[in-house]
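Trainee: this is a predicted model, with the sequence first.
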Amino acid sequence: MTIHIPDDLARGLEGIAAAQQKSVEQVAIDSLRSLLDWTGSPEDVLRAVQGLPHPSAAAVDDLDAVIAAARLPVRDQDPFDKWPPQ
């Protein structure tokens, strides 16, 4: 099969191939294969998430503490009450 691509894309592929010490054809095939192998169905995402290790209780506590420390204080005053700023 022959695929015709614009010259600028061909030059880009040549540069990538040279950097990776691969042929232009191999770079194109690898890139196309990664696009075709990508699966993003909800079931695939759920399987991937379920395959992740569960965090320890200490890690969850640390995360909760960091989130709490990063919260901005609630301001009761409307910022436009003092318009224009002094």
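Mentor: Ah, there it is. Only a predicted model underlies this, so the values are computations on that prediction, with no experimental measurement involved. Numbering: from 1, shown residues only.

Trainee: drop to CA atoms for contacts and neighbour counts, all remaining ones
Mentor: Noted.

Trainee: by mean pLDDT, point me to the weakest helix or strand of the chain.
Mentor: The helix or strand of the chain with the poorest confidence is helix 42-50; it has a mean of 82 (mean pLDDT, DSSP states H and E).

Trainee: so what's the gap between that helix and the chain middle?
Mentor: Between the mean C-alpha location of helix 42-50 and the chain-wide mean there is a distance of 16 Å, by CA atoms, centre = their mean, to the nearest Å.

Trainee: report pLDDT for Trp83.
Mentor: What the model reports for Trp83 is a pLDDT of 67.

Trainee: switch to numbering from 38
Mentor: Let's use 38 as the start, then, which means that last one is Trp120.

Trainee: ok, back up a step: and the contacts of the least confident helix or strand of the chain?
Mentor: In this structure, no residues lie in contact with helix 79-87 by CA atoms under 8 Å, 6 or more residues apart in numbering.

Trainee: next secondary structure after it?
Mentor: Tracing the chain C-terminally past helix 79-87 and defining elements by DSSP states H and E, one meets helix 94-107 next.

Trainee: show me the contacts for Ile53.
Mentor: Contacts for Ile53 (CA under 8 Å, 6+ apart) come out as Val61, Val64.

Trainee: just how off-centre is the helix or strand encompassing it within its chain?
Mentor: Using DSSP H and E, the secondary-structure element containing Ile53 is helix 44-57. Distance of helix 44-57 from its chain centroid, counting by CA atoms, centre = their mean, is 24 Å.

Trainee: before we move on, what about stretch 77-87?
Mentor: Centroid separation between stretch 77-87 and its chain, computed with CA atoms, centre = their mean, is 16 Å.

Trainee: just the CA coordinates of that stretch, formatted as CSV?
Mentor: What follows is the C-alpha trace of stretch 77-87 in CSV, where atoms were taken according to Å, rounded to 0.1, in the frame of the first residue of the first chain:
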residue,chain,number,x,y,z
GLY,A,77,-11.0,4.1,25.6
SER,A,78,-14.4,2.4,26.1
PRO,A,79,-15.9,2.9,29.6
GLU,A,80,-15.3,-0.8,30.3
ASP,A,81,-11.6,-0.5,29.4
VAL,A,82,-11.2,2.6,31.7
LEU,A,83,-12.9,0.8,34.5
ARG,A,84,-10.7,-2.2,34.1
ALA,A,85,-7.6,0.0,34.1
VAL,A,86,-8.7,1.9,37.3
GLN,A,87,-9.6,-1.4,39.1
